[in-house]
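> I would like the atomic coordinates for the input below:
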Amino acid sequence: MPSAISERVELAKLCSSRDWSKAIRVLDSLLAQSCAIQDICNRAFCYSKLELHKHVIRDCDKALQLDPTLLQAYILKGGAFFALGKKEDALLVWEKGYEHALHQSADLKQLLELEELLIAAKLDKSVTLENHAGDSRSLLPVSELGVNEYGKTSKACENQDESDISKSRSEPKDASEICNKSSEKSGMRNGINDKARGRSSVQVSESEVHVNGKFSETSKNHSDFSEGSNINHESRDVTDICRKPDNIINISNGFSDKTKVNKKHDSQTNGTHFIQDKPRYDKESFKDFSSTSEPCSKLSITSSNSSGSAESLSKLNYKTDKRSERTDEDKRNKRFSVTRISKTKSISIDFRLSRGIAQVNEGKYAYAISIFDQFIILFISALGIGRRVILKEDATYPEALIGRGTAYAFQRELEAAIADFTKAIQSNPSAGEAWKRRGQARAALGESVEAIEDLTKALEFEPNSADILHERGIVNCKFKDFNAAVQDLSACVKCDKDNKSAYTYLGLALSSIGEYKKAEEAHLKAIQLDQNFLEAWAHLTQFYHDLANSRKALECLQQVLHIDERFPKAYHLRGLLLHGMGQHKKAIKDLSTGLSIEPSNIECLYLRASCYHAIGEYGDAVKDYDAALDLELDSMEKFVLQCLAFYQKEVALYTAYKVNSEFCWFDIDGDIDPLFKEYWCKRLHPKNVCEKVYRQPPLRDSLKKGKLRKQDFAVTKQKTALLVAADLIGKKIQYDCPGFLSNRRQHRMAGFAAIEIAQQVSKVWRALQAEWKYSNRSSSKNGKRVRRRDRFSIASQNRGGAGCSTSSSLETSSYGITEERSSNRPKMSWQDVYSLAVKWRQISEPCDPVVWVNKLSEEFNSGFGSHTPMILGQAKVVRYFPNYERTLDVAKAVMKDKQYVYNKADDIIDLSKDGKLQDIMNAKTCEDLYKVVGEDFWLATWCNSTAAEGKQLEGTRITLVKMGQLGFDFAIRTPCTPSRWDDFDAEMTMAWEALCSAYCGEKYGSTDFNALENVRDAILRMTYYWFNFMPLSRGTAVVGFVVMLGLFLAANMEFSGQIPQGLQVDWEAILNFDPNSYVDSVKSWLYPLLKVTTSWKDYPDVASTFVTTGSVVAALSSYDD
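Residues are numbered from 1 along each chain as shown. This next block holds a predicted model:
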């Protein structure tokens, strides 16, 4: 190891020859041996020569921590802020330094310099900084011939013709003015001559060129929103390669913008993706965005991972100069003026590196690679210097390797980029920037573990680097390590309080772990730092959407569009929100606007298709589904949408074919192939479906019968009465819980379904009541009473075979009220009752695969079931996490009672030994439970039977699965096997019979609330078994509550209130072992809100008013006109 003295001699030589990057290496070595304040300032000075302003600030902060009165640090730090365009921060720093100078008066020259800097800055004039290395006497002169103070040739000078260049040689003081004149055209801020001081000015650059493995850092710009002003989106690092997580699904959707491409210079701007598996992140996906037309544009890159999925890359943003086109003659005559060229080197390597990095900054990646990798012809006639090739001159030069790797990354050549970063690390293991870049590139390839390792290594060289903490925080967020992301991003904003990007990603991470108040504060802080920060507004929009706060979400989107009315992601987000609110026609308008800006956006295409589908515009729906199927995709999340587009298209064609038939013949469960429905529900690749199942007729054939008729939309007195009643009744289904968006279309659907159920059931009950009277008369004559089970003959709906329609002695083609062959008496099974609501749910939102599980394929025999997570990894699912504590308690109670659970292979895990049961009872979290059991497991709750005394039915399965190092999947799953179906079918049949018996006897038609207590209890008991049964692929909760409302109406009781805040009625049933316990828990709030009424009997008959499927679709869509 060289001695400190020899290193300082070497440092002096390097500074004299202006080899700043190597000087920095020597200073790194000296600082590793002894942390001297002056060496820190010297390194800051060297960084300033390379325009690495953020590194200047970092070193000055270190120096000021050691000596708060160090004037040199204040001067350099203020200059760095000024060069970054942060004039207010520069003023604050200089003012603070000036206060110290007044008190100590140790260096009058520095005091006077601070005074001049303050005066010039306050007059809003560009300033010339006198940088110091060592002490105030170590001033180095500014380049006279077109090279700015920091050692970088002014790019604007390259635009001048030969006469301009010559003029710049002969008149040094005008050199910067030439630069200013040219750069004004490009909207860049440049220095002007400080004539009072007689010095040529410094061009205040907003980009920093990193040498010694460091690349330029710049502010990101979305676009210029007002003339002459740039709205900056700070990147913290110019060549950051990775940003944000996946959809995930999510997500999950993101922002994207197509920026104009300068093909002459191979500039490229590529959209990035943020998938929130929601999170989407689901996660749910957000894309980064960039300006489309302004001089200062944000350049982003996208890569494909090993599986072909587009992954998030860094928001790589650069200032670009808009240059006037030069003729071939101009190019041939172009000259470069340099000063102090050493005799041993024809041109400074720093200068050439800066040239290559500058091309990256301008998006000219192929040209940049040619500078780094091939050669540059530099002709300076006075010195007669010819060719030099950077990489061939020093094959292991890490700065050049990092530069070329960065250019490769921008061109999506991530493997090549990683190879260069790896070589740079091998050449110089202390090149922190190489570790950082490789980490970003690996993150873009989906190599999360390796990416985090590299970024962690980079932090060893810069332990408190806000930039690297920012990067690692975003990568952690992307790969769903939200706790680590919160730690990194929280540390980042402590170091850099103005990092708006870190704040908004901190908000994303906090919301994922359920810290909603802190998340909102973080998003708002990002916006406070920059009112025009589109990404933060979009994240805040998604935050409010996730919490079902539609008003605030719409306000955020309005603000986004006020900033940039051509921001396509805003239209997608608003279309998504309006779709969730049931306003499909309005959603179509926004989605169409978004597609006019970004025609190949599959999220917009698929969502618009589903909106057209829902409102009966089947031709447009099929057209959009086909367009989605034709797109070339780059991610698995988008491929899932393509699969769904295939299934939805078939359902749209089926509905179009049925649209003018009676609604009672709309029967997805009976008409559509079981295998098709199975694949649809599971979102599987449709290949097998295409080969094995019958496809729907083409659109032209379907639309011959399938166009909605004018009479479907005609308003009549009967329709109006039903619409008003349905809206009033249906809104009672709304949960007042986070995540449950109020959907007016679903409310109307629920109201129609409840009224039709009441009307159909009342017909059956009327007939049963007549039978009861007849039976009583007959028994009186014969002298004996009929047993209760013999009074009524209730049709039972048994499970059909695999792939077959459910059959009964009635041989119905669809569920609903029927007539028994042996009499004219109407008959109805429990499944007929619920099928009325199922059918309304299917037609109201065709994107949701709501089907009876027993009507699926042979998979039913192995147990097709639902999956409702409360915790997914580290993410707390906003809708269902409120049930977490209670579910955990239920799981512990079952484990204590049964003393065993099941593993993945359904083998029993004994819990009766080694004090495990006590440990289970002491567990506070699902993680504690997992530690006791030691592996993935599941357990089943039970439901006490009413049909068979003493029998326990299998209720809901509570599952706990470890997800690597990122937490657990804690969920409820309900597999519906044939044996379980038979058990619950018997229970539902008994419950339906008990309800009919309770109402159709002496209490029939009663308006005495107290007399109807047994009827109310019977309705709740049947609802309890329905919720635990979960016989639908989805939608069990809403169907169950709608049927409950309809049955109360049929018994002359109307629910006149709202479900209590925070209560989810289906979860109350799922987490109760006994139906009577459920009845007691619900009746306490429900019964006081029931009122006896017969007004519902005045409503027009739903089935007669809305006869056809088309009329039903029109009714559900009419409020949006």
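> from here on, contacts and neighbour counts on C-alpha atoms
Noted.
> now for whichever strand or helix holds Gly575, which elements pack on it?
In the assignment (DSSP states H and E), Gly575 maps to helix 568-580. In terms of contacts (3 or more Cα pairs under 8 Å, 6 or more residues apart in numbering; DSSP states H and E), helix 568-580 is packed against helix 534-546, helix 550-563, helix 584-597, helix 602-614.
> residue contacts, Leu1032?
Val850, Val851, Trp852, Val853 (Cα atoms under 8 Å, 6 or more residues apart in numbering).
> also Leu1090?
Met1053, Glu1054, Phe1055, Ser1056, Gly1057.
> again, but for Tyr900
Applying Cα under 8 Å, 6+ apart to Tyr900 gives the contacts Ile908, Ile909, Asp910, Leu911, Ser912.
> most neighbours, which of the residues you listed?
Leu911 (19 neighbours; other Cα atoms under 10 Å).
> how much space between that one and Thr941?
17 Å (Cα to Cα, to the nearest Å).
> state which helix of the chain is the longest.
In the chain, taking DSSP state H as the definition, the longest helix is helix 744-782.
> so Lys892 sits right up against Asn922, yeah?
No: if you go by Cα atoms under 8 Å, Lys892 and Asn922 don't touch, sitting 9.2 Å apart.
> between these two, which has more neighbouring residues?
Lys892 (21 against 12).
> ok, that one - contacts?
Counting by Cα under 8 Å, 6+ apart, Lys892 has contacts Ile920, Met921.
> so which helix or strand takes in it?
Here Lys892, judged by DSSP H and E, is contained in helix 884-898.
> and what of Leu953?
Here Leu953, judged by DSSP H and E, is contained in strand 952-962.
> report the inter-axis angle for that strand versus helix 884-898.
Here the directions of strand 952-962 and helix 884-898 differ by 120 degrees (axes from the mean of the first three to the mean of the last three Cα atoms, to 10 degrees).
> within the sheet, what are the partner strands of the next helix or strand after strand 952-962, with directions?
Sequence order places strand 968-976 as the next helix or strand after strand 952-962, per DSSP H and E. Within its sheet, and counting by DSSP bridges, strand 968-976 is paired with strand 864-873 (antiparallel), strand 952-962 (antiparallel).
> would you list these in TSV and tack on mean neighbour count and distance to Lys692?
TSV is the format used below for those (neighbours: other Cα atoms under 10 Å; distance: least, Cα to Cα, whole Å):
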stretch	mean neighbour count	distance to Lys692
strand 864-873	21	20
strand 952-962	21	33
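> make CSV from these and add mean pLDDT and distance to Lys364 to it.
Formatted as CSV, the strands paired with strand 968-976 follow (pLDDT from 0 to 100; distance: least, Cα to Cα, whole Å):
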stretch, mean pLDDT, distance to Lys364
strand 864-873, 87, 41
strand 952-962, 94, 46
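> turn these into CSV, including distance to Val493.
Output for these, formatted as CSV (distance: least, Cα to Cα, whole Å):
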stretch, distance to Val493
strand 864-873, 25
strand 952-962, 32
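> follow-up on the earlier one: quick check, nearest of the contacts of Leu1090 to Gln528?
Gly1057 (40.6 Å; Cα to Cα).
> where does the closest one land in three-state SS?
coil (DSSP: H, G, I helix; E, B strand; the rest coil).
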